[in-house]
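Chemist: Got a predicted structure here, sequence first:
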2 protein chains.
Amino acid sequence: MNLKRSKQRDSIKEFLASRKDHPTADVVYMNVRQSFPNISLGTVYRNLTLLADIGEITRLRVGDGIDHFDYDTSPHYHFVCSECGGVSDLSLPVTEQMTEAARKDFEGEIEGQVTYFYGRCNNCIQKSGRHVARQHGLPD
Amino acid sequence: MNLKRSKQRDSIKEFLASRKDHPTADVVYMNVRQSFPNISLGTVYRNLTLLADIGEITRLRVGDGIDHFDYDTSPHYHFVCSECGGVSDLSLPVTEQMTEAARKDFEGEIEGQVTYFYGRCNNCIQKSGRHVARQHGLPD
DNA sequence: TTTGAAAATAGTAATTATTACTGTTTTATT
DNA sequence: AATAAAACAGTAATAATTACTATTTTCAAA
């Protein structure tokens, strides 16, 4: 299974690299179509999956039922806005503490953990001020 | 929107209460059909969503693209087996430490966090990966 | 106890994100 | 240039979930 370059994949990577808001496949599709009007949504999905599999990008599952993709593969936490669904990075340093603590409490192999934070992003706070939104069925 | 009881909803709650492995809607459906052969999958979904909305159960999104449901609404962590997909509770005490730390690093309102652990469960380790992933919904 | 409106239901259709299939084109190696 | 593997566009299929509709059930008030 020898990789061969393609303009489409390059374009997908380039687009992802240009964004720090972790777009979905559909967003990638709509943007890459600017350069490749005939690109197929399947091609976008196939490449995103491939890139995630070989570790060049990260697939984020933030509980909204839609996969987001991050060009930054270094370990870091994410914030998900319950109102607009936007995903952003946190600068909070990543720690293994909880994983290690969990290992002591569990029979079986704990490989790692997934953590994301949710709430309202600054943008949404500014826009609507007061009414509270709790979407996406995010557990407390 | 005044709630009215229904035998079907009672049965769904009763089934969920009897299980600590956080079944999916489909598993609930297959089991409740034992008592209500004509129950509709839509009824199961509607009631699970309703119960989650009024806080009687918890909807778990553990990254496998399928919603799991937990009768236990008290805060606790979950483990997801990457091999069989099974979800189980951890006894690890829940802490707000990370959420508080995250708040200091973020402009916007962080309401909370979602954390789950992943790896291989004891059951799958014992079977040493030779067998096909166990069927969901069947008690161990 | 009857009544009637709201809520719930069964059954089915529609939606959404994603994956699979197929015949053609592109890549890169001989 | 020849060629085989890989990637592609376009389309069909899948899977989880939600929406729709006509009928039935619940329950408070008459």
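Modeler: That came in fine, so what should we check first?

Chemist: Got the confidence number for residue A:105?
Modeler: Listed pLDDT for residue A:105 reads 89.

Chemist: now the helices for chain A?
Modeler: Taking DSSP state H to define them, one finds helices in chain A at A:7-17, A:25-35, A:41-53, A:97-104, A:122-128.

Chemist: Nearest to residue B:88, out of those helices?
Modeler: Nearest to residue B:88, of all those, is helix A:97-104, at 11.8 Å by C-beta to C-beta. Yep, even glycine has a C-beta here, placed from its N, CA and C like the rest.

Chemist: What are the neighbouring residues in contact with residue A:107?
Modeler: residue B:122 (C-beta atoms under 8 Å, 6 or more residues apart in numbering or on different chains).

Chemist: how much space between residue A:15 and residue A:26?
Modeler: Separation of residue A:15 from residue A:26 (C-beta to C-beta, to the nearest Å): 13 Å.

Chemist: Those two: which has the busier surroundings?
Modeler: Shown here are residue A:15 and residue A:26; by other C-beta atoms under 10 Å in any protein chain shown, residue A:15 has more neighbours (20 against 13).

Chemist: The residue nearest to residue A:81 when sequence neighbours are not counted: how many residues sit nearby?
Modeler: Nearest non-adjacent residue to residue A:81, counting by C-beta to C-beta, 6 or more residues apart in numbering or on different chains: residue A:121, 3.9 Å away. Neighbourhood size, residue A:121 [other C-beta under 10 Å]: 24.

Chemist: How about the contacts made by residue A:121?
Modeler: A:79, A:81, A:83, A:84, A:86, A:88, B:108.

Chemist: For the last one, give the beta-bridge partners.
Modeler: Looking back up the chat, that one is residue B:108. Bridge pairing for residue B:108 (DSSP bridges) gives the partners residue A:121.

Chemist: how about it, what does it touch?
Modeler: Residue B:108 makes contacts with A:79, A:81, A:119, A:120, A:121, A:122, A:124, A:125, as judged by C-beta under 8 Å, 6+ apart.

Chemist: Dihedrals phi and psi, the residue located most distally from the centre of chain A?
Modeler: Residue farthest from the centre of chain A, counting by C-alpha atoms, centre = their mean, is residue A:107 at 29.9 Å. Taking degrees, to the nearest 10, you get phi -90, psi 120 for the backbone angles of residue A:107.
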